[in-house]
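Visitor: I'd like to go over a predicted model; first the sequence, then the structure.
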Amino acid sequence: MLKKVSACLFIVCLIAGILMGCQSSKKASENKEVTEIRVAFNQNENHPQYLAMKKLGEEFEKATNGRYKMTIYPNGVLGEQGAMAEFVRTGALQMAIVPCSVPEGYDKDFAIVGAPYLYDGIDHMEKVVLNGVFDDLFYSARKYNFQVLTVYTAGERNVYSNKPINSAADLAGQIIRVNDSPTYIEMTKLMGGTGATMSQSEVYTALQQGVIDAAENSELVYNDFKNYEVAKYYSYTKHIVHPDVVIASTEFLDSMSESDRAIFDQLVADSTEYEFTTFKERIEQAKAEVAEHGTQFCYPDVEEFRTLCQPLLSRISNQSEMTKKIYNDIINLREEN
C-alpha cells in the first residue's frame, strides 16, 4: 500500500512539475503566445506511434507558425494509461496514446474497435479507420470530456510461449498474459486458456519464472522486450489486430480556431497513414531479428480460433445500434478487399 501511495505522489508531483514548467516556457515567449500540447505515451522513442505523433507535432507547429508546440512524454513516465486518460479529461494533459480498452472503460461500445477476429489484417483495419467507420463513435466520447481522434495500430497480436501452439487444445490449462480488458479475458477463455493481466514490462520475468505459460502481442513488442529469450515459439493465432487510440481533451480541441482545427485534423489523418505504414515496416524488421535469435514460428488453424470466439464477436457487435452499423461497415469493407 505504501508503495502505491508513494507512486501516486510521485506521479502527481511529476505532473505538477510539468505543468509549472510549461507555464514558465509559455511566459518566456516574448513575441507570441505558444500553446503547449502535452502528450502521454507508454512506449519508447523508436516506436512507430511515437514517430507518428512526433511528426504530427512538428508539422502542426510549422503550419501554425509556432503557435503550438508539442512535448511527448514517452516510456510511461507519467504513469499507467488509465490515469493518463483522466489527466486528459481534466485538461492537465492535452493528448495521450492509449489502448482502446481505456475508452471502453467509459463506454462499452468501444469494444467493437478491437473485437477479436474482426479484421482480416492490418491493411483491413487501416482501410476501416481511414474510411471514417468509427467517426461517430469517436465523437460520442466528448460527453466524457475527451474525444478519440484516430486509431494507431499496435499490430496483429499472436500467442508466444515455450511450446508450439497449433490448436486450441494446446492452450488448455495455459495461463496467458493479456491486456487488462474484459474482452481479452473472455476471448482467452474461449480460445482454451486462462487470461492473466500484468504490465508488459513484467512479462519477461513471469515467463522466466513460470508464473505464466504464455503471452500475446505483436512481433514488435515480442522483439523489443526480448521475450524471445524466454518464449521461443511465436504462434500466429491472429486473434486481434490491436488498436491503440489517440485521445485529446475537449478543452484543448475547442480552444483552437476553426482554421487551426482544420489543419490539425488533416495532420491527424496524415499521421495515421504514416503510423500504419511505419508499423508494418517495423514488423518485418522484428520478424527477421527474432528469427536470428532462434524464434520458431507456428501457424495454427486460425479458423478454429475464429469459430470459438464468434459468440464474443457477435455479442460485442450487437450490443447497440452503433456497434451493429460499425460491424456491418467493417464487413462491407472486408468484402471490397
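Guide: Nice, thanks for sending it over.
Visitor: and the longest helix anywhere in the chain, what does it pack against?
Guide: Using DSSP state H, we find that the single longest helix of the chain is helix 258-292. For helix 258-292, the elements it packs on are helix 48-63, helix 122-130, strand 146-161, helix 219-224, judged by 3 or more C-beta pairs under 8 Å, 6 or more residues apart in numbering; DSSP states H and E. Just so you know, the C-beta spots here come from the backbone N, C-alpha and C atoms, and that holds for glycine as well.
Visitor: whichever helix or strand comes after that helix pairs with which strands, parallel or anti?
Guide: Per DSSP states H and E, the first helix or strand lying C-terminal to helix 258-292 is strand 296-298. Its sheet considered, strand 296-298 pairs with strand 233-249 (parallel) by DSSP bridges.
Visitor: how about the partner strand: buried residues?
Guide: For strand 233-249, the neighbour count (16 or more other C-beta atoms under 10 Å) marks 233-235, 237-249 as buried.
Visitor: tilt between it and helix 258-292?
Guide: 170 degrees (axes from the mean of the first three to the mean of the last three C-alpha atoms, to 10 degrees).
Visitor: CA atoms only: put strand 233-249 into CSV for me.
Guide: What follows is strand 233-249, C-alpha atoms only, in CSV (Å, rounded to 0.1, in the frame of the first residue of the first chain):
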residue,chain,number,x,y,z
TYR,A,233,7.7,-20.2,-30.1
TYR,A,234,5.6,-17.5,-31.8
SER,A,235,2.3,-18.8,-33.0
TYR,A,236,0.1,-16.9,-35.4
THR,A,237,-3.3,-17.1,-33.8
LYS,A,238,-4.1,-13.7,-35.3
HIS,A,239,-6.8,-13.2,-32.6
ILE,A,240,-6.7,-9.4,-32.6
VAL,A,241,-5.5,-6.6,-34.8
HIS,A,242,-4.8,-4.3,-31.9
PRO,A,243,-6.0,-0.7,-31.9
ASP,A,244,-4.4,2.0,-29.8
VAL,A,245,-6.3,5.3,-29.9
VAL,A,246,-5.2,8.9,-29.8
ILE,A,247,-7.4,10.8,-27.4
ALA,A,248,-7.5,14.6,-26.8
SER,A,249,-9.0,16.9,-24.3
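Visitor: returning to that earlier point: which among the buried residues of strand 233-249 gets closest to residue 280?
Guide: Nearest to residue 280 among the buried residues of strand 233-249: residue 241, at 11.5 Å, using C-beta to C-beta.
Visitor: state the pLDDT value of the closest one.
Guide: Predicted confidence (pLDDT) for residue 241: 97.
Visitor: what's the distance between it and residue 167?
Guide: Residue 241 is 21 Å from residue 167, where distance means C-beta to C-beta, to the nearest Å.
Visitor: residue 206 too?
Guide: Taking C-beta to C-beta as the measure, residue 206 and residue 167 are separated by 24 Å.
Visitor: what about these two, which has more around it?
Guide: residue 206 (18 against 14; other C-beta atoms under 10 Å).
Visitor: for the strand or helix carrying that one, what does the pLDDT average out to?
Guide: According to DSSP H and E, residue 206 maps onto helix 203-208. Helix 203-208 shows an average pLDDT of 97 in the prediction.
Visitor: C-terminal to that helix, what's the next element?
Guide: Assignment by DSSP H and E places the next element after helix 203-208 at strand 214-217.
Visitor: out of the buried residues of strand 233-249, who's nearest residue 335?
Guide: residue 241 (17.0 Å).
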